[in-house]
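1. The sequence and its predicted three-dimensional model are supplied below.
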Amino acid sequence: MKHWTTWAVAGFIAAAAFVPAQAAEITGAGSTFVYPILAKWADAYKKATGIGLNYQSIGSGGGIKQITNKTVTFGASDMPLTPEQVAKAGFVQFPVINGAVVPVVNLDGIKPGELTLDGPTLAKIYLGEIKTWNDPAIQKLNAGVKLPGSAIVVVHRSDGSGTTFIWTNYLSKVSSDWKSKVGVNTAVEWPVGIGAKGNEGVANNTTQAKGSIGYVEYAYAKQNKMTFAKMINHEGKTVSPTAESFIAAAAGAQWATAKDFFVILTDAPGDKSWPIAGSTFILMHAVPQDAADTASALKFFAWGYKNGKQMADDLDYVPMPDSVVALIEKTWKEQIKGSDGKPVY
């Protein structure tokens, strides 16, 4: 699964890819951010247990809708629901993986990591205020880099997207104009640009359109050899999207004290922290329709936490620490119960 085209198709035919017709399967839908690692885990888990995963990579908004409608066993969202939203929906929420969103560009002569951007400049690009690549604001950050005078083609998500939530949450923290004019959500009224569906669609459009800029989960940039930009972080340090900078961004997360694991990792402090980091959260019903299906899904995630760390590392995701996994599994036992009141895990 090295190309966005494979992921785009596989996300919708996961049952065919991972699950023979006669085998049991786990159903889920949502985040495209998390799809590359879920696909890796699912393939290995199927070989180990005979149980497959049917996961629809349709965006966080779609995942929230499907779990709300009880058409899947779990939803996946990169936008954590607030404790009030979790309670109202009757959900249990927990993080499954940490990752990062990166700006990607298509500029002749510019190699991965040669361009540097900061939050305020990104906000102005996505507000349509910076229109060309040789704008003084971009030139100031890139002394010695030859930038073209061509127009910037802005690419953004068109669907309800947790990746967009992470992106707009970050921009709102670093730009008061962005916060007041556009704001934070899984879907926003974009001032400019071309919309594309999924991380796959943004990767595809950015790859095809000269002079473009987009944003994708790092695994998509890495696997497709896209040209990513460095970022200036909260401390004013220039950082590259690496496992080290993603780990640094996640290091200060206060999971133990966060109700319903409501933690947002954007604009994290620390000299080495990547500024546009985030987590994927799994949503399940506290009283599921089918306790056996929910137990099967929880066993899959427990297996992923324990056995999937190297696969996560290979894609530059950041696995959940063992101490956090212990908190998560404790939450499962305390909060997810069948209609008989007994824990399903």
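-> Good, I have the coordinates.
2. and the residue nearest to residue 182 when sequence neighbours are not counted, what does it touch?
-> Distance criterion Cβ to Cβ, 6 or more residues apart in numbering; nearest residue to residue 182, sequence neighbours excluded, is residue 188 at 5.2 Å. C-beta: built from backbone N, CA, C; applies to glycine. Residues near residue 188 by Cβ atoms under 8 Å, 6 or more residues apart in numbering: 164, 168, 182.
3. Just to be sure, which of those residues are found in helices?
-> 164, 168 (DSSP state H).
4. can you list the contacts of residue 188 in JSON lines and add pLDDT and neighbour count?
-> Formatted as JSON lines, those follow (pLDDT from 0 to 100; neighbours: other Cβ atoms under 10 Å):
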{"residue": "164", "pLDDT": "96", "neighbour count": "28"}
{"residue": "168", "pLDDT": "98", "neighbour count": "28"}
{"residue": "182", "pLDDT": "98", "neighbour count": "19"}
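5. Tell me the helices and strands packed up against the lengthiest helix in the chain.
-> Under DSSP H, the helix in the chain containing the largest number of residues is helix 291-307. Packed against helix 291-307 by the contact rule (3 or more Cβ pairs under 8 Å, 6 or more residues apart in numbering; DSSP states H and E) you find strand 25-30, helix 35-49, strand 277-285, helix 322-335.
6. now the next helix or strand along the chain from that helix: how far from the chain's centre is it?
-> Toward the C-terminus, helix 291-307 is succeeded by helix 309-314 as the next helix or strand (DSSP states H and E). Counting by Cα atoms, centre = their mean, to the nearest Å, helix 309-314 is centred 16 Å from the centre of its parent chain.
7. Dump helix 309-314 to CSV, restricted to CA.
-> C-alpha atoms of helix 309-314 as CSV (Å, rounded to 0.1, in the frame of the first residue of the first chain):
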residue,chain,number,x,y,z
LYS,A,309,4.2,-0.4,17.4
GLN,A,310,6.8,-1.2,14.8
MET,A,311,4.3,-0.8,12.0
ALA,A,312,3.3,2.6,13.5
ASP,A,313,7.0,3.6,13.7
ASP,A,314,7.6,2.6,10.1
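8. Strands of the stretch 1-150 of the chain, start to end?
-> With strands called from DSSP state E, counting those that start in this stretch, the stretch 1-150 of the chain shows them at 25-30, 52-57, 74-77, 91-106, 116-118.
9. any idea of the mean pLDDT for the third one?
-> Across strand 74-77, the average pLDDT comes to 98.
10. Same check on the second one?
-> With pLDDT averaged residue by residue, strand 52-57 scores 97.
11. what's the most buried one of the strands of the stretch 1-150 of the chain?
-> Mean neighbour count, computed with mean count of other Cβ atoms under 10 Å, is highest for strand 74-77 among those, reaching a mean of 29.
12. just checking, residue 158 touches residue 197?
-> Yes: between residue 158 and residue 197 a contact is recorded at 5.5 Å, counting by Cβ atoms under 8 Å.
13. so who does residue 149 touch?
-> Residue 149 makes contacts with 132, 133, 134, as judged by Cβ under 8 Å, 6+ apart.
14. Residue 145 is in contact with the last one, correct?
-> Just to be clear, that refers to residue 134. No: with contacts counted by Cβ under 8 Å, residue 134 stays clear of residue 145, the gap being 10.1 Å.
15. Count the residues that sit near the residue nearest to residue 36 when sequence neighbours are not counted.
-> If the residues on either side of it in the chain are set aside, residue 36 comes closest to residue 219, at 4.2 Å by Cβ to Cβ, 6+ apart. When neighbours are counted by other Cβ atoms under 10 Å, residue 219 registers 25.
16. go on, residue 229?
-> 25.
17. for the one 5 residues further on, same thing?
-> As a burial measure, the neighbour count of residue 234 was computed by other Cβ under 10 Å and equals 18.
18. Let's see the pLDDT reported for residue 24.
-> What the model reports for residue 24 is a pLDDT of 73.
19. Partner strands of the helix or strand where residue 154 lies, with direction?
-> Per DSSP H and E: residue 154 is located in strand 153-157. Using DSSP bridges, the strands paired with strand 153-157 are strand 194-196 (parallel), strand 212-217 (parallel).
20. relative to strand 91-106, how tilted is it?
-> 160 degrees (axes from the mean of the first three to the mean of the last three Cα atoms, to 10 degrees).
21. Pull strand 153-157 out as CSV, backbone CA atoms only.
-> The C-alpha trace of strand 153-157 is given here as CSV (Å, rounded to 0.1, in the frame of the first residue of the first chain):
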residue,chain,number,x,y,z
VAL,A,153,-3.0,26.9,-5.9
VAL,A,154,-4.6,26.2,-2.5
VAL,A,155,-5.9,22.6,-2.0
HIS,A,156,-8.1,21.7,1.0
ARG,A,157,-10.5,19.0,2.1
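22. Cool, thanks, signing off.
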